[in-house]
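Colleague: Structure for this input, please:
(one chain, ligands or ions: 1)
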Amino acid sequence: MPTYRIAPSILSADFARLGEEVRNVVAAGADIIHFDVMDNHYVPNLTIGPLVCEAIRPHVQVPIDVHLMVKPVDRIIPDFAKASANIITFHPEASEHIDRSLQLIRDNGCRAGLVFNPATPLHYLDHVMDKLDMILIMSVNPGFGGQSFIPEALKKIEAVRKRIDESGRDIMLEVDGGIKIENIAAAARAGADTFVAGSAIFGKPDYKAVIDAMRAQLAQV
Ligand SMILES: O=C(CO)[C@@H](O)[C@H](O)COP(=O)(O)O
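Modeller: All right, here's what the predicted structure looks like:
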């Protein structure tokens, strides 16, 4: 069985109690904290920045996975690295120089990844596989939590899984958007190994019950 990771998106957490929320979700079994950064420019929403990343760091030991929905990307990368991010991903169409942005993330001591919106073609992977530690497939259009999973994303996950296997590299394949207990196994069967879930976890009173139910689904894949 592949190593499966559950990455709750704090976009759906109670921001007024964020430290407690991240502690609780890690205690409930989260492997990664997914941290959504939106700039009201690349996406029509505005969320949180490096200061909040730094503030939650003392509360959790697990990796913090920063998903940059910002344009441009480069000038904020060192700030998130200093704020103790472990993984930083960005959208290829938001960077002028994709190879340079990936290298900048690694030079700042973080693992690097690219994010693909539902309509973003995979050709952006062509010349940078050796610089990737994560590929994130969006199964909703970015900007908001609580949207419905777009089934077409499964084909894209399959195509990326093939590319990763052919590359022989150890690259995490993450899926994000509308992931629930009911569809997590389908995403895993398509080839995903890391699952972002916001409203499915933070929208319920018992985080452990949801994460356990997701793991039970994954155990049957
Ligand atoms: O990046 C995003 C949205 O842009 C996601 O991380 C969402 O926050 C996931 O939320 P759910 O779809 O799981 O509620």
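Colleague: Tell me where this structure has strands.
Modeller: Assigned by DSSP state E, the chain shows strands spanning 5-8, 33-38, 64-69, 87-90, 111-116, 134-138, 172-176, 194-197.
Colleague: for these, which one sits closest to residue 128?
Modeller: Nearest to residue 128, of all these, is strand 111-116, at 7.2 Å by CB to CB. For the C-beta atoms, the positions are set from N, CA and C on the backbone; glycine is no exception.
Colleague: From the contact counts, what lies against that closest one?
Modeller: strand 87-90, helix 98-107, strand 134-138, strand 172-176 (3 or more CB pairs under 8 Å, 6 or more residues apart in numbering; DSSP states H and E).
Colleague: quick revisit: between the strands of the chain, which one is nearest to residue 99?
Modeller: The nearest among these, by CB to CB, is strand 111-116 at 10.4 Å.
Colleague: ok, and does the closest one reach over to the ligand?
Modeller: No. Strand 111-116 lies apart from the ligand when judged by CB under 6 Å from any ligand atom; the minimum separation is 8.5 Å.
Colleague: For that strand, give the mean pLDDT please.
Modeller: On average, the pLDDT along strand 111-116 is 98.
Colleague: Run a quick neighbour tally on residue 95.
Modeller: 21 (other CB atoms under 10 Å).
Colleague: With residue 220 instead?
Modeller: So residue 220, with other CB under 10 Å, has 8 neighbours.
Colleague: do the same with residue 93
Modeller: 14.
Colleague: Not counting sequence-adjacent ones, nearest residue to it?
Modeller: Residue nearest to residue 93 in three dimensions, not counting chain neighbours: residue 120, with 6.5 Å by CB to CB, 6 or more residues apart in numbering.
Colleague: what's near enough to touch the one you found?
Modeller: 91-93 (CB atoms under 8 Å, 6 or more residues apart in numbering).
Colleague: can you rerun that using 10 Å?
Modeller: 91-93, 114, 137-138, 156 (CB atoms under 10 Å, 6 or more residues apart in numbering).
Colleague: next one: residue 174
Modeller: Taking CB under 10 Å, 6+ apart, one finds 5, 7, 32, 34, 65, 67, 87, 89, 113, 115, 134-138, 157, 160, 187, 192-196 in contact with residue 174.
Colleague: The same query, at a cut-off of 6 Å, please.
Modeller: Contacts for residue 174 (CB atoms under 6 Å, 6 or more residues apart in numbering) come out as 134, 136, 194.
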